[in-house]
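Q: Below: sequence and its predicted model.
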Amino acid sequence: MTNPTFDQSLVLPTNSHGDVLAPGLLRVLQQAVALRFLLSLLGSALFLASGRSGEAPLEALRVVTLFSVVESALLLGFVSWPTLRRRLGARFLPIALGWFLLAPLMVQALAVLSMPPEFHGRPPRLGLGDLFMETIWLAVPVMLAAWQYGRRGWQVAMAGLVIGQLALGLLITGNVFRWGDFVAISLGRLGMVALLGYIVMRLVESLRAEHAALQVANRQLARRAVTADQLAESRERNRLARELHDTLAHSLSGLSVQLQALETLLAYDLQAAKVQLKDAQATVRSGIQESRRAIQALRATPLEDLGLSEALRQLCRRQAERMGIPFNCTIEDVDALDPLTEQSIYRIAEAALANVERHAAASMVTVSLTRMTLSRRLRLSIQDNGVGFDLDTISDDHFGLAGMTERAELIGATLRIDSAAGKGTNVVLEMGEQP
């Protein structure tokens, strides 16, 4: 499987430093070399067409011009040949950048050496445009070296450039004034190239530091996600354990007591035994229903299949059928939330409705899920008109309030329960808008 950031042809074997081509660097290198070749070709064509040489011999300048075109064409072929690039591996980029960096200096050296004896030691006179272009062609490989190798690449490229300029300066000894001009121009050129390379190097260092910090943050986030999943799984198991204990275990315990009573009544009162048998059968049917409901809760994935809003609507419909009382269900369609948040909201609603069924003895239930207009907070409300209870005298575990509170805290929501004896119960969950 290939890395989506790189084209397969760009992936090079790593060297001892683990270097591979930075994303996009090869394309920039190829474009720069192609542009240099086209400008060399255009410049040579214009020069040959004009037939003017200034103070230098025409034949010598023709040799320099031809060399510049051929050299840039060879470099373009070198950086564009995939087979050669793969065979060279990690050596490809240093060779290409070294070639790109030293080629302008070689052209200048050839321009000095190809002159007749009376012109030896004189550097060719360059206009401002020529100086600017040569500085650009020297700066490009330095910046690419800083991009790929950071501070080490910038230092090595600048050292190579300084050595090349010194070697070129040794060829210019015939005219003190022109040699002084060469030194001044070289120092200015080296300073400009060094500055551009340094800026690129610092930008690359900053980006790599941010990338490393992002990788650390991603690893921490992955670990926290795993921890959250494990915590959610543990809480779900505890919830199911509590639910089975409150329903199926109670039903089986009651059935055991009823069967013992039935065994006693069979010997003394058959009529009472029949009544006890009917009660035991009713307990069995209730236990079967509770078991089926628990199994359905394990198998069903309403949030994945329907989304939060529709899953809550179906939960209200099922609960209304089970309880046989009116449900006033107002569920707005809300945007998709992250799975943990949706799961927590759904389970809180499920637990609150289970409490209504078991303890409230209510004749009306109102369920609403709304997005408040001004604050954009998401609000879930489950209200009944049942018997209510006194929060100060009821243990949290008795109504599953601890599990509901833990789920709310897990998603950064607030859970409020308003209830009083004889005045019903209202469970309200509120959470801010997710980014």
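A: Thanks, I have it.
Q: Now do the phi/psi pair for Ala331.
A: Not quite, residue 331 is Ile, not Ala. phi -120, psi 110 (degrees, to the nearest 10).
Q: just the helices in the stretch 251-400 of the chain please.
A: 270-299, 302-306, 308-323, 339-355 (DSSP state H, counting those that start in this stretch).
Q: Packed most tightly, which of those helices would that be?
A: Across the helices of the stretch 251-400 of the chain, averaging neighbours per residue (mean count of other CB atoms under 10 Å) puts helix 339-355 on top, at a mean of 21. C-beta here means a position set from N, CA and C on the backbone, and glycine is covered the same way.
Q: Let me know the angle separating that helix from helix 308-323.
A: 20 degrees (axes from the mean of the first three to the mean of the last three CA atoms, to 10 degrees).
Q: And helix 339-355, what does it pack against?
A: For helix 339-355, the packing partners by 3 or more CB pairs under 8 Å, 6 or more residues apart in numbering; DSSP states H and E come out as helix 176-244, helix 302-306, helix 308-323, strand 365-371, strand 378-384, helix 401-410, strand 425-431.
Q: redo that, cut-off 6 Å
A: Contacting helix 339-355 under the criterion 3 or more CB pairs under 6 Å, 6 or more residues apart in numbering; DSSP states H and E are the following elements: helix 308-323, helix 401-410.
Q: List the buried residues for the last one?
A: Neighbour-count burial for helix 401-410, counted by 16 or more other CB atoms under 10 Å, picks out Leu401, Gly403, Met404, Glu406, Arg407, Ala408, Leu410.
Q: circling back to that earlier point, rebuild the helices of the stretch 251-400 of the chain as TSV, extending it with mean pLDDT and distance to Gly254.
A: As requested, the helices of the stretch 251-400 of the chain are exported to TSV (pLDDT from 0 to 100; distance: least, CB to CB, whole Å):
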stretch	mean pLDDT	distance to Gly254
helix 270-299	74	5
helix 302-306	70	31
helix 308-323	89	19
helix 339-355	88	19
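Q: Out of these, which gets nearest to Leu42?
A: helix 339-355 (60.0 Å; CB to CB).
Q: how far is the closest one from where the chain is centred?
A: Between the centre of helix 339-355 and the centre of its chain there are 29 Å (CA atoms, centre = their mean, to the nearest Å).
Q: do the same with stretch 404-421
A: Stretch 404-421 sits 32 Å away from the centroid of its parent chain (CA atoms, centre = their mean).
Q: before we move on, what about stretch 323-333?
A: Its chain's average C-alpha position is 40 Å from that of stretch 323-333, according to CA atoms, centre = their mean.
Q: Thr135: which element?
A: Element membership of Thr135, judged by DSSP states H and E, is helix 128-149.
Q: and the helix or strand that comes right after that helix, what does it pack onto?
A: Heading C-terminal from helix 128-149, the first helix or strand you meet, by DSSP H and E, is helix 151-170. Using 3+ CB pairs under 6 Å, 6+ apart, the elements in contact with helix 151-170 are helix 92-113, helix 128-149, helix 176-244.
Q: CA atoms only: put helix 151-170 into CSV for me.
A: The C-alpha trace of helix 151-170 is given here as CSV (Å, rounded to 0.1, in the frame of the first residue of the first chain):
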residue,chain,number,x,y,z
ARG,A,151,20.0,23.1,8.7
ARG,A,152,22.5,20.4,7.6
GLY,A,153,21.5,20.8,4.0
TRP,A,154,21.6,24.6,4.1
GLN,A,155,25.1,24.6,5.7
VAL,A,156,26.5,22.0,3.2
ALA,A,157,25.0,23.8,0.2
MET,A,158,26.4,27.2,1.3
ALA,A,159,29.8,25.6,2.0
GLY,A,160,29.8,24.2,-1.6
LEU,A,161,28.8,27.6,-3.0
VAL,A,162,31.5,29.4,-1.1
ILE,A,163,34.2,26.9,-2.3
GLY,A,164,32.9,27.3,-5.9
GLN,A,165,33.1,31.1,-5.7
LEU,A,166,36.6,30.9,-4.3
ALA,A,167,37.7,28.6,-7.0
LEU,A,168,36.2,30.9,-9.6
GLY,A,169,37.9,33.9,-8.0
LEU,A,170,41.3,32.2,-8.4
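Q: Could I get the buried residue list for it?
A: Buried residues in helix 151-170, counted by 16+ other CB under 10 Å: Gly153, Trp154, Gln155, Val156, Ala157, Met158, Gly160, Leu161, Gly164, Gln165, Leu168.
Q: And the furthest pair within the residues you listed?
A: Gly153 and Leu168 (22.4 Å).
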